[in-house]
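Student: quick one, structure for this:
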Amino acid sequence: MNGSEASGGTNRQSRILVVDDEPTNRVVVRAHLDKQYEIIEAEDGPSALMAFDEQTIDLAVLDVRMPGFSGYDLCRELKQRAANRYLPVLMLTALDNREARAEGLEAGADDFLTKPLDPRELKLRISCFLKLRRQDRTIHEQLEHLQHYQSLNDSLFSLIIHDLRNPLGCVEAYIRMAQDELGEVRDKTPREYLQRAYDSAHELGDLLEEVVKVRHLEEGKLPMDKQPVVLRMLIREAIELAQPTARAMNVRILMDGEANQVLPLDHALTLCSIQNLLTNAITFSSEEDTVTVKVVSDASGSAIEISDHGPGVPDELKGDLFEKFGSVEAWRGAARRGLGLGLHLVKLVANAHGGHVSVCDGEGGGSVFRLYLPNRDSSPIH
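Tutor: Presented below is the predicted three-dimensional model:
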């Protein structure tokens, strides 16, 4: 290893900051290192910080005992200024006791070298920590690239959603016009086909709206309109919206209890969340099964529990089921999964209210999805 490394697309020698109030000690360190690395010298803490701010430093070698601004103080400040980038700091000390090393570790030091210096040990330690520094920088560069591509992907995704909504609205409008033109024809088949086409287009429209909500919630751009809401009325409204799906699959929805609690909620988003949980439960139920909605309350809030008798969720998937692509992994394993982004939306809405969502096994089989909402206006959980 020759000490050179890529920086911003060009090769340069690694730059090492050597800080010691004794000129002789700095000369010794330079003599061992300046053939491989670019050495920047400083005689005290303030001049070291100035040098650090003016140029990129890859590693710092600090004397512990300096007047006024100790090596420990300087180490803390350098680590703070390095922010989230890894800056290796080696401390030179004539002290060989646990307390001195413990204080250095508390200050953020990465390693210690005892005076008088062993040249071979010095070079090996520096070589090792510069390798870690390069790996850290590579990871940060890769993350920045990933974030850039994710941003481009999100922008493209938003553009596609935006461009789909207008023609989809036209499809629904033209289907309605065709239904009106048919009037009361004897053959009901064309009208039935048109109605199915309209229902499918409307379902696609709802899916696009759900995607938009997820995106806005993830970005924190969807304003929350929290108002006092009676849970009983909200749940009954969600049940009514889910009834067509339940009837089509011959599944019964039962509300257990009155649920008279009043919570500060965004009505539209919470309604959508409960409906998503109901639809998920219905979809994974068999004919003549019952999906039960129950509210369990305590001093801090209320949990809406939706139980079904479906296939259940494997333990290894419970933690990821509400993640953005958690249902994809479940689908690959042929296990019960979420529907689209529905369960992820439930999680985002719960978090935005300061609550949470979870799933557990039901007694006798099936699953219980639990949406917990606090009874006060809480800050979102991140």
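Student: just the element for residue 359, please.
Tutor: strand 356-361 (DSSP states H and E).
Student: ugh, wrong one, I meant residue 212
Tutor: Residue-wise, residue 212 maps onto helix 189-219 under DSSP H and E.
Student: so for that helix, mean pLDDT?
Tutor: Taken as a whole, helix 189-219 has an average pLDDT of 74.
Student: quick one: neighbours of the closest residue to residue 70 other than its chain neighbours, just the number.
Tutor: In space, and not counting its chain neighbours, residue 70 is closest to residue 64: 6.8 Å by Cβ to Cβ, 6 or more residues apart in numbering. Where C-beta positions appear, they are placed from N, C-alpha and C, glycine not excepted. For residue 64, the count of nearby residues is 23 (other Cβ atoms under 10 Å).
Student: mind pulling up the pLDDT for residue 64?
Tutor: Confidence score, pLDDT, at residue 64: 87.
Student: and if you look at residue 26?
Tutor: Confidence score, pLDDT, at residue 26: 90.
Student: does it touch residue 18 like I think?
Tutor: Yes. Under the criterion of Cβ atoms under 8 Å, residue 26 makes contact with residue 18 at 5.5 Å.
Student: could you pull out the helices for the stretch 251-382 of the chain?
Tutor: Using DSSP state H, counting those that start in this stretch, the helices of the stretch 251-382 of the chain run over 267-283, 315-318, 326-332, 342-352.
Student: about what we covered before: what touches both of residue 26 and residue 18?
Tutor: By Cβ atoms under 8 Å, 6 or more residues apart in numbering, residue 26 and residue 18 have these common neighbours: residue 41.
Student: where does this structure have its least confident helix or strand?
Tutor: Counting by mean pLDDT, DSSP states H and E, the chain has its least confident helix or strand at strand 4-7, which shows a mean of 43.
Student: direction-wise, compare the longest helix seen in the chain with helix 189-219 and give the angle.
Tutor: Counting by DSSP state H, the longest helix found in the chain is helix 119-182. Angle of helix 119-182 versus helix 189-219, following axes from the mean of the first three to the mean of the last three Cα atoms, to 10 degrees, is 150 degrees.
Student: now helix 119-182: average pLDDT?
Tutor: Mean predicted confidence for helix 119-182 is 80.
Student: mind giving me the packing neighbours of it?
Tutor: Counting contacts by 3 or more Cβ pairs under 8 Å, 6 or more residues apart in numbering; DSSP states H and E, helix 119-182 packs against helix 23-33, strand 59-63, strand 89-93, strand 111-114, helix 189-219.
Student: so which of those is the most surrounded?
Tutor: The densest packing among the helices and strands packed on helix 119-182, expressed as mean neighbour count by mean count of other Cβ atoms under 10 Å, is seen in strand 59-63 with a mean of 25.
Student: after it, next one along is what?
Tutor: Using DSSP H and E, the helix or strand that follows strand 59-63 towards the C-terminus is helix 71-81.
Student: give the other helices and strands that that next one contacts.
Tutor: By 3+ Cβ pairs under 8 Å, 6+ apart, helix 71-81 packs against helix 45-54, strand 59-63, strand 89-93, helix 98-107.
Student: what sits up against that helix?
Tutor: Outside helix 71-81, the residues touching it (Cβ under 8 Å, 6+ apart) are 19, 45, 48-49, 52-53, 57, 60, 62-66, 87, 89, 91-93, 103-104, 106-109.
Student: buried sites along that helix?
Tutor: Of the residues in helix 71-81, 71-72, 74-79 count as buried by neighbour count, 16 or more other Cβ atoms under 10 Å.
Student: would a markdown table of those residues with distance to residue 236 and pLDDT be doable?
Tutor: Shown next, in a markdown table, are the buried residues of helix 71-81 (distance: Cβ to Cβ, whole Å; pLDDT from 0 to 100):
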| residue | distance to residue 236 | pLDDT |
| --- | --- | --- |
| 71 | 68 | 90 |
| 72 | 65 | 90 |
| 74 | 66 | 93 |
| 75 | 63 | 93 |
| 76 | 59 | 91 |
| 77 | 61 | 93 |
| 78 | 62 | 94 |
| 79 | 57 | 92 |
